[in-house]
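Novice: build me a model from this:
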Amino acid sequence: MLANGERVAEIGGDLNVLGKFVAVYCKHHHGEAAREAFTVGGIDVSATSLGKRKVCSDCRGVLRHAVAKRARCPLLPKPTCRVCPVHCYAPKMREKIRRVMAFSGRHLMLRGHLHLLFHFLLRAPGKIEYREGCEPAERRER
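Specialist: Prediction:
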């Protein structure tokens, strides 16, 4: 999964954005909850900023789920979830991450983080490509 250094480098930017968004959401919605540094068992996240993020236990679960799903994503580049043909999140987690992204994206852009707008726009719908060896069965049979 993420133990492979190439894979971490490949998706490190996405993981940093995920970590930042969840940390902002947690700070504003779970103000007094106890926070701990984020860790993922068996996954080396040292190449990302995830280890520096302190979140509550509920947000840690959301972030852990998101990291695991992003690590397994067969699409390159990963489109935004709203236009992705592969819905990998469990329905409850999908709703949670949707709330996190909506709140944190607006919050950060209104505070000058305009680079996130470019991140969002670059993930606009377009041609979807799969990583080598991860194509759906119907594409491999052609």
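Novice: if you skip the residues just before and after it, what's nearest to residue 60?
Specialist: Excluding the flanking residues, the one nearest residue 60 by CB to CB, 6 or more residues apart in numbering is residue 38, at 6.0 Å. The C-beta positions use only the backbone N, C-alpha and C, and glycine is treated the same way.
Novice: how much space separates the one you found from residue 55?
Specialist: 6 Å (CB to CB, to the nearest Å).
Novice: so what sits against both of these two?
Specialist: Common neighbours of residue 38 and residue 55, using CB atoms under 8 Å, 6 or more residues apart in numbering, are residue 63.
Novice: what's around the residue nearest to residue 60, how many residues?
Specialist: 22 (other CB atoms under 10 Å).
Novice: one more: residue 68?
Specialist: With other CB under 10 Å as criterion, residue 68 counts 14.
Novice: now the helix or strand where it lies: buried residues?
Specialist: Element membership for residue 68, per DSSP states H and E: helix 57-72. Residues 59, 60, 62, 63, 64, 65, 66, 67, 69, 70, 71 are the ones in helix 57-72 that count as buried (16 or more other CB atoms under 10 Å).
Novice: identify the farthest-apart pair in those residues.
Specialist: Maximum pairwise distance among the buried residues of helix 57-72 (CB to CB): 18.3 Å, between 59 and 71.
Novice: how about low-confidence regions in this protein?
Specialist: In the predicted model of the chain, residues 1-9, 39-47, 115-142 satisfy pLDDT under 70.
Novice: where do the helices sit along it?
Specialist: 5-29, 57-72, 91-110, 115-122, 137-140 (DSSP state H).
Novice: give the buried residues for the third one.
Specialist: Buried residues in helix 91-110, counting neighbours by 16+ other CB under 10 Å, are found at 93, 96, 97, 100, 101, 104, 105, 108.
Novice: can you check the longest one too?
Specialist: Buried residues in helix 5-29, defined by neighbour count with 16+ other CB under 10 Å: 8, 10-12, 14-27.
Novice: next, the angle from it to helix 57-72.
Specialist: Angle of helix 5-29 versus helix 57-72, following axes from the mean of the first three to the mean of the last three CA atoms, to 10 degrees, is 150 degrees.
Novice: got the contact list for helix 5-29?
Specialist: With CB under 8 Å, 6+ apart, helix 5-29 has contacts from 1-2, 33, 35, 38, 44-45, 47-50, 52-56, 59, 62-63, 66-67, 70-71, 73, 76, 78, 99-101, 103-105, 107-108, 116, 119.
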